[in-house]
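Participant: what's the 3D shape of this:
(one chain, ligands or ions: 1)
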Amino acid sequence: MNVLVLNAGSSSLKFQVISTEPDRIAKDSDERLIRGEVERIGGEAIVTMQSHGGERQKTTAQLRDITAAIRHLVAANGQEDIEAVGHRIVHGGERFTESVLITPEAVKGIEDCIDLAPLHNPTNLRGIAAATEVFGRKIPQVAVFDTAFHSTLPEHAYLYAIPYHLYRRHGIRRYGFHGTSHRYVAHRYRQLRALAREQTNVITLHLGNGCSAAAIRGGRSVDTSMGMTPLEGLVMGSRSGDLDPTIVNVIATKEGLSIEQVETLLNTHSGLLGISGLTNDKRVLLEESAMHEDHRVRAAIDVFCYRVRKYIGAYLAAMGGADAVVFTGGIGENSPAIRQQICEGLEWAGLRLDRERNQALAGSEGAITADGSTLMGYVIPTDEELLIARDTVRIIRGVPHPS
Ligand code: AMP
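Facilitator: This next block holds a predicted model:
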């Protein structure tokens, strides 16, 4: 079955066409037919597309909305019959604990979660509406939620210590995000080590532009660093991660900003960008710090790595130990220097980095620790689109997700 995987943003659309079937999943013989992205939807859009084994092609086209963008990519790849659509949906609240077939009730459920993700769920819903417009109702669509993998968090990990009625009334609790990525790399780790799901005890670190950590015990997420929104936890490209909530009021008062403006500041002007004053791009920061001494650039890298190490320690305590730490995401997959700095001083926990193995791994899969480490380190490139395509075909074919 050819599954079109869509990740609809406010002015962008990431897409892939993946050919898969339940019996091909076990053999890892799914096929990626096309991948690409449409940016700056709403005007002169930039369309990047690459078919399997082909060259990457960049073109421009007048695309006024997501519907036009989907029509454009289908026209450009007319030979590929789309048989199903899988959507990445950011927030499933407490209602969606796994991927679901998109029905009018499911759409209503996603709408009910808009309060929890006012920026993301409406654009995801626009993606569903656009796909329905282009393909009609005959082509089944599936929703795969960023929050679903973390629906197994126990109450002691998801409750904030604020008046309980705020949780009941407004759903204020930890939900966690990047669930598809954490789930994929945990799955791949257990494939690599030939483990059953119940034997999978790992800390997964998704370090990209957004960053989050997850504590996975017995194959299930038992804690994660992002909270009610993706702002909490690790330091990110432009998001602050954890901070004292009083700071919101202090900034608002001292800088004469509204609460919304402070929220924007914490989401888009903080993190690596905020500390360095230079960029949210980790690669550029590393290049800068290699070329000359810049205190703020160094501080941004140090705060980032220290926060990750602190979470590893916390999750080791929360889980009663783990077998491995898995790095993924743009930074986690590609930066040996950052992995090394994070792992420094974790020898007490049994994690002994093998510098050569670590140095050799960029964008590929493997162990980065010395043989005999009791806490292994791995790099596993994430593949959220593949998991979305697999969930889509499983749901449509009525084959339940293997436990
Ligand atoms: P993602 O959101 O997963 O695409 O990751 C984006 C982040 O990964 C950006 O901060 C990039 O600068 C970072 N990144 C990609 N390649 C490298 C690299 N070789 N070294 C350091 N950071 C990298």
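Participant: count of neighbours near Ile162?
Facilitator: For Ile162, the neighbour count with other CB atoms under 10 Å is 11. Where you see a C-beta, it was placed from the backbone N, CA and C, and this is true even at glycine.
Participant: would it count as being in a helix?
Facilitator: No - assigned with DSSP: H, G, I helix; E, B strand; the rest coil, Ile162 falls outside any helix and is coil.
Participant: How much space separates it from Arg174?
Facilitator: 12 Å (CB to CB, to the nearest Å).
Participant: what helix or strand does Arg32 sit in?
Facilitator: Using DSSP states H and E, Arg32 sits in strand 31-39.
Participant: typo on my end, it should be His206
Facilitator: Per DSSP H and E: strand 202-207 holds His206.
Participant: immediately after that strand, which helix or strand?
Facilitator: strand 211-217.
Participant: count of residues packed around Asp115?
Facilitator: Neighbour count for Asp115, taken as other CB under 10 Å: 12.
Participant: hang on, I meant Arg40
Facilitator: Neighbour tally, Arg40, other CB under 10 Å: 13.
Participant: quick one: it and Ile46 touch, right?
Facilitator: Yes - counting by CB atoms under 8 Å, Ile46 is a contact partner of Arg40 at 5.7 Å.
Participant: before we move on, the earlier item: which strands and helices sit next to the helix or strand that the strand holding Arg32 is followed by?
Facilitator: Using DSSP H and E, the helix or strand that follows strand 31-39 in sequence is strand 44-51. When contacts are defined as 3 or more CB pairs under 8 Å, 6 or more residues apart in numbering; DSSP states H and E, strand 44-51 packs onto strand 31-39, strand 56-62, helix 66-76.
Participant: Put the alpha carbons of stretch 231-251 into PDB.
Facilitator: In PDB, the C-alpha atoms belonging to stretch 231-251 read as follows (Å, rounded to 0.1, in the frame of the first residue of the first chain):
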ATOM      1  CA  LEU A 231       8.400  24.400  26.000                       C
ATOM      2  CA  GLU A 232       9.400  22.400  29.200                       C
ATOM      3  CA  GLY A 233      12.500  20.300  29.700                       C
ATOM      4  CA  LEU A 234      15.800  20.500  27.800                       C
ATOM      5  CA  VAL A 235      17.300  23.600  26.300                       C
ATOM      6  CA  MET A 236      16.400  23.800  22.600                       C
ATOM      7  CA  GLY A 237      17.300  25.900  19.500                       C
ATOM      8  CA  SER A 238      15.100  28.800  20.500                       C
ATOM      9  CA  ARG A 239      13.100  27.400  23.500                       C
ATOM     10  CA  SER A 240      14.200  27.900  27.100                       C
ATOM     11  CA  GLY A 241      13.100  24.500  28.500                       C
ATOM     12  CA  ASP A 242      12.800  24.400  32.300                       C
ATOM     13  CA  LEU A 243      12.700  27.600  34.300                       C
ATOM     14  CA  ASP A 244      11.300  29.100  37.500                       C
ATOM     15  CA  PRO A 245       7.700  30.100  36.600                       C
ATOM     16  CA  THR A 246       8.100  33.400  38.500                       C
ATOM     17  CA  ILE A 247      10.500  34.500  35.800                       C
ATOM     18  CA  VAL A 248       7.500  35.000  33.500                       C
ATOM     19  CA  ASN A 249       6.100  37.700  35.700                       C
ATOM     20  CA  VAL A 250       9.500  39.300  36.300                       C
ATOM     21  CA  ILE A 251      10.200  39.600  32.600                       C
END
